[in-house]
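1. Build the 3D model from these lines:
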Amino acid sequence: MERKISHKVGVKLFTKEQFENVLPTYLNLFHKIDACRQAAQEELRELNAGGTRHYQYNFMYDNVFSVLGKRGTGKTSVVFTLQRMIREKYGEKFSDIVLPLIIPEAIPDNCTVLGWILAIVKEEVKRLDDRINELEKRRKEDDFWNKCQFGAGVRKEIGLSDRLDILNQFFYAKSYNPSSESSYYQAIDNSASQTIDYYRFAQGIADFWDAWVQAICHLRRLEGKEDGVCPLIYFIFDDVDLAPEKIDELLSVIIKYLSHPNIIVLTTADEELFLEVIENRLDQKIGRLPREWRNFLKNAGDQQGARYIMWPSAREEPEEKKPEDLVSQTTRMYLGKVLPSSTRYYLRLFHTAKQKAAFCLEDGISLADGVWNQVERLIDVITSVLPAEDSVSAPINFMKPGDTVINFYLMFMGNTSRQIANAYIVLQELIDNLIMVVEEGRCHKAEDT
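-> Sure thing, here's the model as predicted:
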């Protein structure tokens, strides 16, 4: 039996109306995903025709999209809804793979971002391999494997899971500690092997993404589905700004290992907090004082006289007066490289009364109509208990005294979807309690008479 949720303020799946209300530009996002698929389709045709691609050419694909918004604007709900929409729109038609949500804050301290990603990929690849093996056993033609396109691109004796295991061995080679060796020459030899293995990993991971796509296409042929389609693989990172210690690694992984024509990367973050975290990390790397310390020293210098403050260099004081110093500019340019401004999508804030009035509630009605309905419920109950002779003095709904809803009263409800939803739920519960009090009073009056 499906449980009906009366209201949900935290993570939830949006309806189509709510999704458009919070992310009105989502159709452009799907348009760009379709453009990425077309580019990947051309690459896949060339590979199937025997062509090759240098593993570093993957860096040329703009496959990273970001959903940005303040806390409480609904970023996590948006990505959960996007997951569902992608599966419904592309899952059956193209066999797209949408991996589980990756939350950097949930990754243990002793685990790397890339190691976490590989563990998620391994689970998905195993399911794919098991399905292929199951269907392979039912094949009637023994030579079908050698004739199919998948067999031409991947060696028969090495499955996708085996390829990933080899990649994992190369990846974890970097964890080798030469200080544990008893022989100096053995440590030197193993350190050289470690470097070679990690270089092989950088090359092999691009080939692995190709093999994964080929395996998905092969499975479609085994299942008798339409051939010649181009599947995409989706990596979704949520609230990446909430794990400052992993941001450097995460951005590096996205650039170096998740750049591929058949991969779509989607991230969510608070843009201003994201920029601040990156800038603080850059300050630490170059040995510069944190911004709050620099501001304190600058204010102290302004109050007591600049001659009492010994600045590190003669150039730094005038640069501090600029709106953005060099590190701030570098931070924005670096973020623009990883998360291009052309592929950023901003969640809506509801600042004005008119915008709040159009906010879409759980049942599909607008906030203005919802508040009017709640007040109308209370008025109906109060009117029902008034004496007949007092009916002419029944209360008037202040939200809609005439034909138009007065939106001014919605200004107290905040400007993010979470704040508005919380305020509406509190109002709804208040009206419910007031109605309960009125009903109890009616019952007590009836008992007394």
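2. report the longest strand in this protein, please.
-> Counting residues, the longest strand found in the chain (DSSP state E) is strand 263-269.
3. outside of it, which residues touch it?
-> For strand 263-269, the external contacting residues (Cβ atoms under 8 Å, 6 or more residues apart in numbering) are 33, 36, 63-69, 75-76, 78-79, 82, 209, 232-241, 254, 258, 339. No exception for glycine: its C-beta is placed from N, CA and C like everyone else's.
4. can you rerun that using 7 Å?
-> For strand 263-269, contacts defined as Cβ atoms under 7 Å, 6 or more residues apart in numbering pick out 33, 36, 63-68, 75-76, 79, 82, 209, 232-241, 254, 258, 339.
5. Neighbouring strands - and their directions - for that strand?
-> strand 64-68 (parallel), strand 233-237 (parallel) (DSSP bridges).
6. Looking at the ones you listed, which is nearest to Ala446?
-> Each of the strands paired with strand 263-269 has some distance to Ala446 by Cβ to Cβ; the shortest is strand 64-68, at 55.4 Å.
7. which of the residues in that closest one are buried?
-> Residues Val64, Phe65, Ser66, Val67, Leu68 are the ones in strand 64-68 that count as buried (16 or more other Cβ atoms under 10 Å).
8. repeat for stretch 40-50
-> For stretch 40-50, by 16+ other Cβ under 10 Å, it's Ala40, Glu43, Leu44, Leu47.
9. ok, so what distance separates the closest residue to Ile107 other than its chain neighbours from Ala358?
-> Closest residue to Ile107 apart from its sequence neighbours, by Cβ to Cβ, 6 or more residues apart in numbering: Trp116 at 4.9 Å. According to Cβ to Cβ, to the nearest Å, Trp116 and Ala358 sit 40 Å apart.
10. before we move on, the earlier item: could you point out which of the strands paired with strand 263-269 sits nearest Asp129?
-> strand 233-237 (15.3 Å).
11. What residues sit buried inside the closest one?
-> Those would be Ile233, Tyr234, Phe235, Ile236, Phe237, for strand 233-237 by 16+ other Cβ under 10 Å.
12. got the residues you listed as TSV, with distance to Met411 and pLDDT columns?
-> Below are the buried residues of strand 233-237 laid out as TSV (distance: Cβ to Cβ, whole Å; pLDDT from 0 to 100):
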residue	distance to Met411	pLDDT
Ile233	45	96
Tyr234	39	97
Phe235	40	96
Ile236	35	95
Phe237	35	94
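13. and which of the residues you listed is nearest Asn407?
-> Of the buried residues of strand 233-237, the one sitting nearest to Asn407 (Cβ to Cβ) turns out to be Ile236, at 35.7 Å.
14. I'd guessed that closest one sits against Pro104; true?
-> No - taking contacts as Cβ atoms under 7 Å, Ile236 lies outside contact range of Pro104: 11.6 Å.
15. hmm, back to that, in JSON lines: the buried residues of stretch 40-50, plus pLDDT, distance to Thr330 and secondary structure.
-> Shown next, in JSON lines, are these (pLDDT from 0 to 100; distance: Cβ to Cβ, whole Å; DSSP: H, G, I helix; E, B strand; the rest coil):
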{"residue": "Ala40", "pLDDT": "88", "distance to Thr330": "32", "secondary structure": "helix"}
{"residue": "Glu43", "pLDDT": "82", "distance to Thr330": "33", "secondary structure": "helix"}
{"residue": "Leu44", "pLDDT": "80", "distance to Thr330": "37", "secondary structure": "helix"}
{"residue": "Leu47", "pLDDT": "74", "distance to Thr330": "37", "secondary structure": "helix"}
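16. wait, which of these is closest to Val371?
-> Nearest to Val371, judged by Cβ to Cβ, of the buried residues of stretch 40-50 is Ala40 at 47.4 Å.
17. residues touching Tyr257, list them.
-> Per Cβ under 7 Å, 6+ apart, neighbours of Tyr257: Leu114, Ile205.
18. next one: phi and psi at it?
-> Main-chain dihedrals, Tyr257, degrees, to the nearest 10: phi -120, psi -20.
19. Give me the spatial nearest neighbour of Arg332, chain neighbours excluded.
-> Closest to Arg332 by Cβ to Cβ, 6+ apart is Leu275, at 6.6 Å.
20. Next: Leu232.
-> Closest to Leu232 by Cβ to Cβ, 6+ apart is Asp96, at 4.9 Å.
21. what pLDDT does the one you found get?
-> Looking at Asp96, its pLDDT is 94.
22. before we move on, what about Thr73?
-> On the pLDDT scale, Thr73 is placed at 87.
23. which of the residues in the helix or strand following the longest strand of the chain are buried?
-> On the C-terminal side of strand 263-269, the closest following helix or strand by DSSP states H and E is helix 271-286. Across helix 271-286, burial judged by 16+ other Cβ under 10 Å covers Glu271, Leu273, Phe274, Leu275, Glu276, Val277, Ile278, Glu279, Asn280, Leu282, Asp283.
24. Which member of these is positioned nearest Met436?
-> Leu273 (42.1 Å).
25. which ones are touching the spatially closest residue to the closest one that is not a sequence neighbour?
-> Excluding the flanking residues, the one nearest Leu273 by Cβ to Cβ, 6+ apart is Asp241, at 4.5 Å. Residues in contact with Asp241, defined by Cβ under 7 Å, 6+ apart, are Ala269, Asp270, Leu273, Phe274, Val277.
26. Could you do Tyr90 as well?
-> The contact partners of Tyr90, taken as Cβ under 7 Å, 6+ apart, are Asp96.
27. swap in Thr15?
-> Gly364 are the contacts of Thr15 under Cβ under 7 Å, 6+ apart.
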